[in-house]
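Enquirer: Here's my sequence, what's the structure:
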Amino acid sequence: MPIKNIRLEVMQALEPQVEGFMESFLIKPENIWQPTDFLPNSEKDTFLQEVKELREESKDLGYDFWVTMVADTITEEALPTYESWLMDVVGIDQHGDHKTNGWAKWVRAWTAEENRHGDVLNKYLYLSGRVNMREVELTTQHLISDGFDIGTDRDPYKNFVYTSFQELATNISHKRVGQMAKKKGNVLLGKMCTIIAGDEMRHHLAYREFVKTIFSEDPSGMMIAFAEMMKKKIVMPAHFLRESGGTIGSAFENFSNCAQRLGVYTAQDYVDILSKLNAFWELEGIRSLNEEAEKAREYLIKLPARLERIAERMKFPQDQYHFKWVEANGAL
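Expert: Numbers count the residues shown, from 1 in each chain. Next up is the predicted model:
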């Protein structure tokens, strides 16, 4: 049977479970936080005073911090790209008689939750007065226009491996940014980033559950897909990041170096996420694997130790690259 037909059959078999996944891992709009819960209230007479306080609190946050905040914000704001990609995955169908397809409902609801992240971060950046918003907006438009290619094609197995990994990576990044803000006395931003990190963790738990369920239906196919994704390496969704006048992807390496230097997201974090996924999916205990899948499992089990050795030898530039987004004002 062609591989795509197997994927489709598995996705269709699991679709009745999606409603339960949504109840377990997503929160209804009326019950979840909204950006205005954290930002100065423009309906109140105290709005300008609240903005002034926000701007004062933001003054002690350094250059690398603001670069990371901008890149995180732009990544979150590119959600239309991510939704349009996922809607084309095998088994996810929003057309004709299938517009109530469970997987399509999940993608829309997940995107709606994620959309709040870019919204609140963008408004905070704007009110803080610490970044060049026009340059930020140009980069966001470029990123959405350029699209992205995360190496998953239309394969649901690979896409769910990617989101399992990526959601935990963003959880780590937002959580650490929040901790740094709080340490500098910015309680509001610290709380904001921490609650965003909580959303990302819920989403991570959901996607890793999808993969675990697929392992029970098609263990060999899922194992091979997991190995193929790790051989390509999990790239960040903003890997096409560029500034105005730049070429596709030209800003991403400089941002990654900044995040590594600040300790927001590191090569070691990449290794740790893989180890956690291997453990949760209990790779060593999976049975009924074909020969190719057995080789894939062996590769995946050995990979964290191999990547650990590579991470220990990696060197990153310590010099700050001057982005157009932020006026250079020293490191955090």
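
Enquirer: Can you classify residue 52 by secondary structure?
Expert: helix (DSSP: H, G, I helix; E, B strand; the rest coil).

Enquirer: Begin at 2, not 1, for the rest of this chat.
Expert: Yep, numbering from 2; the last one is residue 53 now.

Enquirer: Mind listing what's buried along the helix or strand bottoming out on mean pLDDT in the chain?
Expert: Every helix and strand in the chain was compared by mean pLDDT, DSSP states H and E; the lowest is helix 80-87, with a mean of 85. Of all the residues in helix 80-87, those buried under the rule 16 or more other C-beta atoms under 10 Å are 80, 82-84, 86-87. All C-beta spots, glycine's among them, are computed from the backbone N, C-alpha and C.

Enquirer: need these in a markdown table with distance to residue 181, can you?
Expert: Shown next, in a markdown table, are the buried residues of helix 80-87 (distance: C-beta to C-beta, whole Å):
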| residue | distance to residue 181 |
| --- | --- |
| 80 | 24 |
| 82 | 28 |
| 83 | 26 |
| 84 | 30 |
| 86 | 31 |
| 87 | 31 |
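
Enquirer: Out of the residues you listed, flag the one nearest to residue 134.
Expert: Nearest to residue 134, judged by C-beta to C-beta, of those is residue 80 at 18.8 Å.

Enquirer: Make sure that closest one is actually in contact with residue 117.
Expert: No. Applying C-beta atoms under 8 Å, one finds residue 80 not in contact with residue 117, separated by 9.8 Å.

Enquirer: Check the secondary structure at residue 261 for me.
Expert: Assignment for residue 261 (three-state DSSP): helix.

Enquirer: swap in residue 244?
Expert: Following three-state DSSP, residue 244 is assigned to coil.

Enquirer: Low-confidence bits of the chain, can you list those?
Expert: Applying pLDDT under 70 to the chain flags residues 2, 4-5, 97-100, 318-319, 329-333.

Enquirer: residue ranges for the helices of it, please.
Expert: Remark: helices assigned in the chain by DSSP state H are 4-15, 19-26, 48-58, 64-78, 80-87, 103-129, 134-147, 157-184, 188-218, 220-233, 253-263, 268-281, 292-314.

Enquirer: Give me the contacts around the last one.
Expert: Put plainly, it is helix 292-314. Here helix 292-314 makes contact (C-beta atoms under 8 Å, 6 or more residues apart in numbering) with 220-222, 224-225, 227-229, 231-232, 267-269, 271-272, 275-276, 279, 284-285, 287, 290.

Enquirer: Sort out which of those residues are buried, if you could.
Expert: 220-222, 224-225, 227-229, 231, 267-268, 271-272, 275, 279, 284, 287, 290.
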